[in-house]
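Visitor: only the shape, not the letters, is given here:
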Ligand SMILES: [Mn+2]
């Protein structure tokens, strides 16, 4: 890069992050202010190209996602605001967004508006580079619809794994002064020149590589193990061919959206993995990258056993109650060409936590928690132990007092006891009689109801089915469960 400060001059040596205060500039008359980038948020100057490349890794925004029908857009907006502050404060040069920007292939207008708004603010008028790949929830074509416009602002949108990219159209043999320029590109890789960095970034990109998005049949075998092996091999092949564009004078990075064996799942990414869930072995990751940014798993985690540091940044918001207790974050990566990167997790405060309440002492306990302001801003999944069914008045009362009460589930310890008892000895018709008796306060089920219940349990049998036969069915069910 063309900076007029001589390498080895005072300032470069003094501050390994390449930043200094206005005071320092006063004392160093040999510095030219044109060579300094001023950061408004933390009021520091940085010397062009003096420090490492600063990369921010995030994924799984799932814009437009709801929680049991409740909108999360407010929290998603607040995450974007927080992210914009972080990239300013940390003077990030390159942002990697590893898929699942949206929650559905047909996102609501408000989610798309938020995404474009975020790109606009994060790219800092084309001075900061952004790379976005499609996840399984994204519609690859739709995500990339704005590509021709985005590339002029230093943004790479990459949807389908085999799409062939080209250099920025405005690139005429030279980087665009002051702007991020895609100086070279091809299938699955880009080389970016970032004005605040002296070294280029080369990014190998593999958007969600399902068979259908690859447009390939990987194996004719239906054996899951063979399928998985073939799949893993194919991903390895693709990554190693993209990785051939890595160079020792550049910062070399990988980005993908897939499930690497050994990662820890949570419920919010599971439903979309049904069918041929792409799972790859750790050796499928490119070994010659300096850092690999992954999306798909919603818990932030490091992938063990890879030769290059590989991480899931996790989702910025908790999207399922199985994520309770896991902090949400983004990753900051500092990289020089040919050196090991350093990473730092930056925790997020945007968004409300998801919390499970189990009130074993009944409604009074729930009332007490509400009065105390327990988990005051959280979304709550409530399980309350009761002797009799909850009245709609009770439910209404709780919801009126406490916002974001998602589920209210009554638990009948008495019934639980009966069920436990029944599992060991009672036939199912007896169990039903006992249950009916219990819930109605002592009534006996009518013959007709009894018959209807039994036919539901096993439509092949009529109401003459004996208790012992049903018991047998039940036992078999218990074994397969
Ligand atoms: Mn996801």
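Guide: That came through fine. These numbers come from a predicted model, not from an experiment.

Visitor: so the residue nearest to residue 135 when sequence neighbours are not counted is in which element?
Guide: Beyond its immediate neighbours in the sequence, the residue positioned closest to residue 135 (CB to CB, 6 or more residues apart in numbering) is residue 99, lying 2.7 Å away. (Glycine included, C-beta is placed from N, CA and C.) Using DSSP states H and E, residue 99 sits in no helix or strand.

Visitor: what ranges does the stretch 351-481 of the chain have for its strands?
Guide: Using DSSP state E, counting those that start in this stretch, the strands of the stretch 351-481 of the chain run over residues 354-359, 379-385, 405-411.

Visitor: which of the ones you listed sits most buried?
Guide: The highest average neighbour count among those, using mean count of other CB atoms under 10 Å, belongs to strand 379-385 at a mean of 20.

Visitor: what is the neighbour count of residue 103?
Guide: 24 (other CB atoms under 10 Å).

Visitor: wait, what's in contact with it?
Guide: Residues near residue 103 by CB atoms under 8 Å, 6 or more residues apart in numbering: 62, 63, 64, 65, 111, 137.

Visitor: count of residues packed around the third one?
Guide: Going back to what we said before, that points to residue 64. Residue 64: 23 neighbours (other CB under 10 Å).

Visitor: that one and residue 109 touch, don't they?
Guide: No - using CB atoms under 8 Å as the test, residue 64 is too far from residue 109 to be in contact (9.3 Å).

Visitor: can you pull the contacts of the nearest residue to residue 59 once chain neighbours are set aside?
Guide: Of all residues not flanking residue 59 in the chain, residue 295 sits nearest, at 3.0 Å (CB to CB, 6+ apart). Residue 295 makes contact with 59, 60, 97, 98, 99, 100, 133, 135, 256, 257, 312, 313, according to CB under 8 Å, 6+ apart.

Visitor: what separation is there between the closest residue in space to residue 457 that isn't next to it in sequence and residue 378?
Guide: Among residues not flanking residue 457 along the chain, residue 428 sits closest, at 6.3 Å (CB to CB, 6+ apart). As judged by CB to CB, to the nearest Å, residue 428 and residue 378 stand 39 Å apart.

Visitor: kindly report the same for residue 357.
Guide: 9 Å.

Visitor: can you pull the pLDDT of the residue nearest to residue 432 when sequence neighbours are not counted?
Guide: The shortest distance from residue 432 to any non-neighbouring residue, by CB to CB, 6+ apart, is to residue 453 (5.5 Å). Listed pLDDT for residue 453 reads 84.

Visitor: residue 453: neighbour count?
Guide: 17.

Visitor: mind checking the backbone torsions on the closest residue to the ion within the stretch 301-450 of the chain?
Guide: Taking CB to the ion, the ion has its nearest neighbour within the stretch 301-450 of the chain at residue 315, 6.3 Å off. Backbone torsions of residue 315, given as degrees, to the nearest 10, read phi -80, psi 150.

Visitor: okay, now the domains of the chain?
Guide: 1-50, 52-347, 354-411, 424-480 (automatic domain parsing).

Visitor: most tightly packed of those?
Guide: Most buried among the domains of the chain, counting by mean count of other CB under 10 Å: domain 52-347, with a mean of 19.

Visitor: just the strands from the stretch 51-200 of the chain, written as ranges.
Guide: Secondary structure of the stretch 51-200 of the chain by DSSP E, counting those that start in this stretch: the strands cover 53-58, 66-67, 70-71, 94-97, 129-133, 155-158, 181-186, 189-193.

Visitor: now those as CSV including distance to residue 436?
Guide: Compiled in CSV, the strands of the stretch 51-200 of the chain are given as follows (distance: least, CB to CB, whole Å):
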stretch, distance to residue 436
strand 53-58, 53
strand 66-67, 35
strand 70-71, 35
strand 94-97, 55
strand 129-133, 56
strand 155-158, 59
strand 181-186, 69
strand 189-193, 66
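
Visitor: closest one to residue 346 among those strands?
Guide: Nearest of the strands of the stretch 51-200 of the chain to residue 346, taken as CB to CB: strand 53-58 at 8.2 Å.

Visitor: partners of the closest one, with directions?
Guide: strand 94-97 (parallel), strand 329-335 (antiparallel) (DSSP bridges).

Visitor: could you export these as a markdown table, including mean pLDDT?
Guide: Below are the strands paired with strand 53-58 laid out as a markdown table (pLDDT from 0 to 100):
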| stretch | mean pLDDT |
| --- | --- |
| strand 94-97 | 98 |
| strand 329-335 | 96 |
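
Visitor: mind putting those strands into TSV with distance to residue 344?
Guide: As requested, the strands paired with strand 53-58 are arranged in TSV below (distance: least, CB to CB, whole Å):
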stretch	distance to residue 344
strand 94-97	15
strand 329-335	5
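
Visitor: can you lay out those strands as TSV showing distance to the ion?
Guide: Formatted as TSV, the strands paired with strand 53-58 follow (distance: least, CB to the ion, whole Å):
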stretch	distance to the ion
strand 94-97	12
strand 329-335	15
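
Visitor: let's see the pLDDT reported for residue 223.
Guide: 76.

Visitor: any idea what the residue nearest to residue 331 when sequence neighbours are not counted is bridged to?
Guide: With sequence-adjacent residues excluded and distances taken as CB to CB, 6+ apart, residue 331 is closest to residue 57, at 4.2 Å. Beta-bridge partners for residue 57, by DSSP bridges, are residue 96, residue 331.

Visitor: now do the helix ranked longest in the chain: everything it contacts.
Guide: Longest helix in the chain, counting residues (DSSP state H): helix 224-242. Helix 224-242 has contacts (CB under 8 Å, 6+ apart) with 161, 187-189, 204-206, 209, 211, 214, 216, 218-219, 221, 254, 256, 258, 276, 278-281, 283-286.

Visitor: if we go to 7 Å?
Guide: Helix 224-242 has contacts (CB atoms under 7 Å, 6 or more residues apart in numbering) with 161, 188-189, 204, 206, 209, 218-219, 221, 254, 258, 276, 278-281, 283-286.
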